[in-house]
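J.: Next comes the sequence, and after it the predicted model I'd like to discuss.
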Amino acid sequence: MTINIKLFARFREQYRLDETEVTPAAGDAPVTAAALWQQVVGEPLPDSALVAINMEYVAPDAPVADGDEVAFFPPVTGG
Amino acid sequence: MHVEVREGPLSPWQELADFEAGLPGGKSGATASFVGSMRDFNEGESVVAMFLEHYPGMTDKFLRRIATEAAERWPLDALFLVHRVGEIRPADAIVVIGVWSAHRRDAFEACRYLIEELKSRAPFWKRETRPDGPHWVAGNTPG
């Protein structure tokens, strides 16, 4: 299973990561977005983080599937 | 309905007028608009420039979704929404929203809905350049 991870704005700069492909760690439990963050970044997902799978907002514990694009970003500040 | 994420200049009042010129006259009794512009201060500090980052694909999709939701929720005749990305200078317009409807309540409420949904959920991030360097804006003020 391969997942495409994207980070934006402050997260991208803080963790020095723009985009990467990751193969989830083997295990029986369903792979969640928050678990992928932990695997890639090496620390828990911040409470304020927003998560999108395939460009749709999801909860951090949403399951991911092969080929998904999973994005992590800080609170939005447009307008 | 016109929804656009734009890298480049925005002339909100001229573009609202141009868009309205293409609408059938005599139908809309009410037009509500919102223009958001860049300040030259934030949190007590001066701001000399700003970069607006977005999530290509998701940002456009999200704006189209809230526009569709507004059109389903209120009886609208027309809707215009443009949001800039990239380099922005103080006093530049960042976002323009225009809503045309038969009556003012629907126009006001739909316009308010669009800007509040955009500010709280649309994937845009502001990085301000202040005298001491760049700062990511932490969050938007409540509406």
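T.: Now that the structure is in, tell me what you want to look at.
J.: make it CA atoms for all contacts and neighbour counts henceforth
T.: OK.
J.: For residue A:77, which residues are in contact?
T.: Residue A:77 sits next to B:119, B:120, B:123, B:124, B:125, B:126, B:137, B:138, B:139, B:140 when contact means C-alpha atoms under 8 Å, 6 or more residues apart in numbering or on different chains.
J.: Please enumerate the strands of the chain.
T.: In the absence of a named chain, chain A is used. Along chain A, the stretches classed as strands by DSSP state E are A:3-7, A:19-22, A:50-53, A:56-58, A:69-73.
J.: you looked at the wrong chain, it should be chain B
T.: Assigned by DSSP E, chain B shows strands spanning B:2-6, B:30-37, B:41-42, B:45-46, B:49-54, B:76-84, B:86-88, B:93-101, B:124-130, B:133-136.
J.: Mind checking if the third one is in reach of chain A?
T.: No: using C-alpha under 8 Å from any C-alpha of the partner chain, strand B:41-42 stays clear of chain A, with a minimum separation of 12.9 Å.
J.: Quick check: mean pLDDT of that strand?
T.: In this model, strand B:41-42 has a mean pLDDT of 88.
J.: Likewise for the fourth one?
T.: When pLDDT is averaged along strand B:45-46, the result is 90.
J.: Outside of it itself, which residues are in contact with it?
T.: Contacts to strand B:45-46, defined as C-alpha under 8 Å, 6+ apart, come from residues B:40, B:130, B:131.
J.: for these, which one is nearest residue A:49?
T.: residue B:130 (24.8 Å; C-alpha to C-alpha).
J.: Tally up the residues packed near the closest residue to the closest one other than its chain neighbours, please.
T.: Spatial nearest neighbour of residue B:130, excluding adjacent residues (C-alpha to C-alpha, 6 or more residues apart in numbering or on different chains): residue B:47 at 4.7 Å. Neighbour count for residue B:47, taken as other C-alpha atoms under 10 Å in any protein chain shown: 22.
J.: and what of the one 3 residues further on?
T.: The burial metric for residue B:50, expressed as a neighbour count using other C-alpha under 10 Å, is 23.
J.: what bridges to it?
T.: Judged by DSSP bridges, the bridge partners of residue B:50 are residue B:88, residue B:128.
J.: can you tell me which residues contact it?
T.: So residue B:50 contacts B:87, B:88, B:89, B:126, B:127, B:128, B:129 (C-alpha under 8 Å, 6+ apart).
J.: Show me how to select, in ChimeraX, the buried members of those.
T.: To isolate the buried members of these in ChimeraX, using 16 or more other C-alpha atoms under 10 Å in any protein chain shown:
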select /B:88,89,126,127,128,129
